[in-house]
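> Quick one, fold the following:
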Amino acid sequence: MNSAGVSDTSSLERMIRQDRLIVAFGLLAVIALSWIYLVTESAGMRSMLSEAEMHAAMGMAEMQSWPRELVALFVMWAVMMVGMMLPSAAPLILLILGVYRRRDDRHTRLNSVLFVSAYLLAWTLFSLAAASGQIALHRAALLSAAMVAKSGMLTAAILILAGVYQLLPMKNACLAHCRSPLSFLTEHWREGPAGALRMGLLHGLFCVGCCWALMALLFVAGVMNLLWVAAIAVFVLLEKLWRQGLLVGRIAGVLLIAWGTYQFVHAI
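Numbers count the residues shown, from 1 in each chain. Got it, this is the predicted structure:
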């Protein structure tokens, strides 16, 4: 390779490193802001649901507050999903940024932003479903003001469901896409901004398919129990990125089933 070729290669690698550094700092900033929001809003959310529970006990109508409650819970879930899921998606985001740059794509950074936005869209849709489910459980008096399941049967059902799902082929298929960013890009690569949106949404859907049952565990521990939120986020990170992640996930599944069975026996 001549000196011009070496110079072009080194210039390209410098650009890739620079892009990745910028995006990495951007992701860290977004994740940090998400967690700051969760810490500051956790008390407010408990207060809001406690007030709603008091109104229900007094026989007061709650229908007027339903839209406001849904919006508040939806925002909480959406921000929580950003803080929990972006860390495990970071390797693929940084990889796709380098691929765009190496392909001399004119819209490298735009396509990367579109990919991330579409990825988060999948979790935003999940957040809407989770917030709606939370309101339904609260209206049915199955969820306390601390956003914890009050029914032993409900707790057992959630634990057993999450545990069983950890062992199902569907979980493993979705997890395989999340654990192998290079394979995902090889199989699902599409050019241009539309391709970035498609890939981001598809990866987000695989990610939701992989982790939705784990998020349901928050109804057992408390939706705004930040220690549990952090613990699940770390578990997701290990399951997707650690070499022994598959084994950890299966062990967790067995333990969740055992815990759920214990709760079921004591709820009878």
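
> What segments of the stretch 101-250 of the chain are helices?
Residue ranges of the helices in the stretch 101-250 of the chain, as given by DSSP state H, counting those that start in this stretch, are 108-139, 152-167, 169-179, 181-188, 192-216, 218-221, 226-241, 245-267.

> could you say what helices and strands the fourth one packs with?
Using 3 or more CB pairs under 8 Å, 6 or more residues apart in numbering; DSSP states H and E as the contact test, the elements touching helix 181-188 are helix 66-102, helix 169-179, helix 192-216. For every residue, glycine as well, the C-beta is placed using N, CA and C.

> circling back to that earlier point, identify whichever of the helices of the stretch 101-250 of the chain lies nearest to Leu95.
Leu95 sits nearest to helix 181-188 of all those, at 5.0 Å, using CB to CB.

> Okay, angle between that closest one and helix 66-102 too, please.
Relative orientation of helix 181-188 versus helix 66-102 (axes from the mean of the first three to the mean of the last three CA atoms, to 10 degrees): 90 degrees.

> and helix 181-188 with helix 226-241, angle?
Using the same axes, to 10 degrees: helix 181-188 against helix 226-241 is 70 degrees.

> Output the below-cut-off pLDDT ranges for the stretch 1-150 of the chain.
The stretch 1-150 of the chain contains residues with pLDDT under 70 at 1-9, 12, 43-66, 104-105.

> related to what we said a few turns ago, for the helices of the stretch 101-250 of the chain, which one sits closest to Met81?
Across those, Met81 has its closest neighbour in helix 108-139 (4.0 Å, CB to CB).

> Make a markdown table out of the helices and strands packed on helix 181-188 and add mean neighbour count and distance to Ser11.
Shown next, in a markdown table, are the helices and strands packed on helix 181-188 (neighbours: other CB atoms under 10 Å; distance: least, CB to CB, whole Å):
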| stretch | mean neighbour count | distance to Ser11 |
| --- | --- | --- |
| helix 66-102 | 19 | 11 |
| helix 169-179 | 17 | 33 |
| helix 192-216 | 20 | 24 |
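
> can you list those helices in JSON lines and add distance to Ile135?
Shown next, in JSON lines, are the helices and strands packed on helix 181-188 (distance: least, CB to CB, whole Å):
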{"stretch": "helix 66-102", "distance to Ile135": "6"}
{"stretch": "helix 169-179", "distance to Ile135": "27"}
{"stretch": "helix 192-216", "distance to Ile135": "15"}
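
> Out of those, flag the one nearest Met153.
Nearest to Met153 among the helices and strands packed on helix 181-188 is helix 192-216 (14.8 Å), distances taken as CB to CB.

> how much does the closest one deviate in direction from helix 226-241?
130 degrees.

> For helix 192-216, give the mean pLDDT please.
Helix 192-216 carries an average pLDDT of 94.

> now the angle from that helix to helix 108-139?
Helix 192-216 runs at 30 degrees relative to helix 108-139, counting by the same axes, to 10 degrees.

> could you check the angle helix 152-167 makes with helix 192-216?
Interaxial angle, helix 192-216 versus helix 152-167 (the same axes, to 10 degrees): 130 degrees.

> Does anything pack onto helix 192-216? Which helices or strands?
Going by 3+ CB pairs under 8 Å, 6+ apart, helix 192-216 lies up against helix 66-102, helix 108-139, helix 152-167, helix 169-179, helix 181-188, helix 226-241.

> what's the angle between the fifth one and helix 169-179?
Taking the same axes, to 10 degrees, one finds helix 181-188 and helix 169-179 inclined to each other by 100 degrees.

> tell me which residues in helix 181-188 are buried?
Within helix 181-188, the residues scored as buried using 16 or more other CB atoms under 10 Å are Pro181, Phe184, Leu185.

> model confidence over that helix, on average?
Helix 181-188 shows a mean pLDDT of 88.

> still on that earlier bit, would a markdown table of the buried residues of helix 181-188 with distance to Ile36 be doable?
As requested, the buried residues of helix 181-188 are exported to a markdown table (distance: CB to CB, whole Å):
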| residue | distance to Ile36 |
| --- | --- |
| Pro181 | 28 |
| Phe184 | 31 |
| Leu185 | 32 |
